[in-house]
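Participant: coordinates only, sequence not included:
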């Protein structure tokens, strides 16, 4: 289904209009927020000043002005505005849009095609825009809440400029609330604290705020409401979070880096944010255990056990009680000494293993269960370490054509300080054995 936006409007003036529609900016200068995109020295400001508007992908959360800015760009450049949604538009609809744009172009009228949720189109459908962008039939403005790097074709991205739109700040939401009050010709029936709570409920989404304001303004109250009265009447807007999307990976990255940075408070905050958004605690238990292995390792060998025990405790208790065990493990690993020594050594060993292919172990450490294998020299010259001085033979266990490699370098933190002493001790013994031979 194609939704063609007619700038003249097809809704009678007498029809009731939502507050968000009534407050829609009429010029780009009226847009609240997004100065990093619309300012005089910002990308769109520079493009419009130079009269060279190119195809654009708006990336940002809901309710920050993607559709409004696209519509106003068409007005500012005298282009015909066509709006479609990738959710409802199929290939036949796209063909009609392109054909109509071609007809307009022949009469000297350009087309700004706004595609909402453009990431919903598959790769082949995205490729279908390319020839029409290249020959100037359309100027594409796409909008997406997902990371374009992952969701859009490289060819489409190479022909467009990605502009990031941000959540509205509390001050910007307050300005929007004041505009709503002017439009409705009365003040919100809220105390200062409950007014701040209302802005917080919007969570940076301007459209959500105007919908909330419209609800509040419809109430019949005899006195301004306090925060408790407001929260009883309104449910807090759910945080923006997609378990399979960009928000999911952003938050788990923030959690992991907070632990790595030894900040238990920040770690608990991101942990709580993910739980509040509905993340599966088992996923978090798995990731917390991974953090212990990757970023603590042998600096505190107990960290892995603490994480596994907290995971088991969660499985026994379930939510919400078991989540406290995960929180305890999170604090423990955030405060634990950090080392990626084994992690780095493991990756280096994998690289060496891939590079050296099928090199055989040295014959002196091969078993020789048959006489043929003994004749081939298997096991010859093997030194049994328990019979050696200090219980250490110092033999080379790498392939003969490879030579010794050093992968593991302990850090001077936590338990690895002791391991560093052991590594140095055996290196000294090995050097002595080599000198004796």
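Facilitator: That came through fine. Only a predicted model underlies this, so the values are computations on that prediction, with no experimental measurement involved.
Participant: So which elements touch the strand or helix carrying residue 308?
Facilitator: Element membership of residue 308 [criterion: DSSP states H and E] is helix 302-317. If contacts are counted by 3 or more CB pairs under 8 Å, 6 or more residues apart in numbering; DSSP states H and E, helix 302-317 sits against helix 281-291, helix 321-335. The way it works is simple: take the backbone N, C-alpha and C, and place the C-beta from them, glycine included.
Participant: Tabulate those (a markdown table), appending mean pLDDT and distance to residue 352.
Facilitator: Formatted as a markdown table, the helices and strands packed on helix 302-317 follow (pLDDT from 0 to 100; distance: least, CB to CB, whole Å):
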| stretch | mean pLDDT | distance to residue 352 |
| --- | --- | --- |
| helix 281-291 | 94 | 24 |
| helix 321-335 | 95 | 29 |
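Participant: Could you pull up the contacting residues of residue 169?
Facilitator: Contacts for residue 169 (CB atoms under 8 Å, 6 or more residues apart in numbering) come out as 33, 204.
Participant: do the same with residue 136
Facilitator: If a contact means CB under 8 Å, 6+ apart, then residue 136 has 105, 110 as its contacts.
Participant: Show the model's pLDDT score for it.
Facilitator: Residue-level confidence at residue 136 comes out at 91, pLDDT.
Participant: same deal with residue 146?
Facilitator: Looking at residue 146, its pLDDT is 85.
Participant: and the closest residue in space to it that isn't next to it in sequence, how many neighbours?
Facilitator: In space, not counting the residues next to it along the chain, residue 146 is nearest to residue 119; the distance is 4.6 Å by CB to CB, 6 or more residues apart in numbering. Each residue near residue 119 was counted by other CB atoms under 10 Å, and the total is 21.
Participant: thought residue 119 was touching residue 144?
Facilitator: Yes - here residue 119 lies in contact with residue 144, judged by CB atoms under 8 Å, at a distance of 4.4 Å.
Participant: what sits in contact with each of the two?
Facilitator: Common neighbours of residue 119 and residue 144 (CB under 8 Å, 6+ apart) are 151, 152.
Participant: list the contacts for the residue lying closest to residue 307 once chain neighbours are set aside?
Facilitator: The spatial neighbour of residue 307 that comes closest, neighbours along the chain excluded (CB to CB, 6+ apart), is residue 289 at 4.1 Å. Residue 289 sits next to 304, 307, 308, 311 when contact means CB under 8 Å, 6+ apart.
Participant: Sort out which of those are buried, if you could.
Facilitator: Of all the contacts of residue 289 considered here, the ones buried according to neighbour count by 16 or more other CB atoms under 10 Å are 304, 307, 311.
Participant: In CSV: those residues, plus pLDDT.
Facilitator: CSV is the format used below for those (pLDDT from 0 to 100):
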residue, pLDDT
304, 96
307, 97
311, 95
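Participant: can you list the domain ranges for this protein.
Facilitator: Structural domains assigned to the chain are 19-164, 170-233, 246-335, 361-436, following automatic domain parsing.
Participant: now the shortest one: how far from the chain's centre is it?
Facilitator: Read it as domain 170-233. Domain 170-233 has its C-alpha centroid displaced from the chain centroid by 30 Å (CA atoms, centre = their mean, to the nearest Å).
Participant: Endpoints of it, how far apart?
Facilitator: Across its full length, domain 170-233 reaches 21 Å end to end, with CA to CA, to the nearest Å as the criterion.
Participant: Looking at it now, give me its mean pLDDT.
Facilitator: 92.
Participant: now swap in stretch 24-40 and tell me
Facilitator: 93.
Participant: May I see the domains of the chain arranged in CSV, with distance to residue 343 as well?
Facilitator: Formatted as CSV, the domains of the chain follow (distance: least, CB to CB, whole Å):
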stretch, distance to residue 343
domain 19-164, 26
domain 170-233, 37
domain 246-335, 5
domain 361-436, 10
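Participant: contacts for stretch 303-319?
Facilitator: 281-282, 285-286, 288-289, 291-293, 296, 322-323, 325-326, 328-329, 332-333, 336.
Participant: Heading C-terminal from the helix or strand of the chain with the lowest mean pLDDT, find the next helix or strand.
Facilitator: For the chain, counting by mean pLDDT, DSSP states H and E, helix 371-375 ranks last in confidence among helices and strands (a mean of 82). Beyond helix 371-375 on the C-terminal side, the first helix or strand identified by DSSP H and E is helix 416-436.
Participant: and which of the buried ones among the contacts of residue 289 is nearest to residue 104?
Facilitator: Within the buried ones among the contacts of residue 289, distances to residue 104 taken as CB to CB reach their minimum at residue 311, with 60.8 Å.
Participant: so what pLDDT did residue 128 get?
Facilitator: At residue 128, the model reports a pLDDT of 91.
Participant: Test my guess that it contacts residue 91.
Facilitator: Yes - the pair residue 128 and residue 91 qualifies as a contact (CB under 8 Å) at a distance of 7.4 Å.
Participant: quick one: which of those two has more around it?
Facilitator: The neighbour count for residue 128 versus residue 91, taken as other CB under 10 Å, is higher for residue 128 (15 against 10).
Participant: How about the contacts made by the closest residue to that one other than its chain neighbours?
Facilitator: Spatial nearest neighbour of residue 128, chain neighbours left out: residue 94 (6.1 Å); criterion: CB to CB, 6+ apart. With contacts defined as CB under 8 Å, 6+ apart, residue 94 is in contact with 84, 125, 128.
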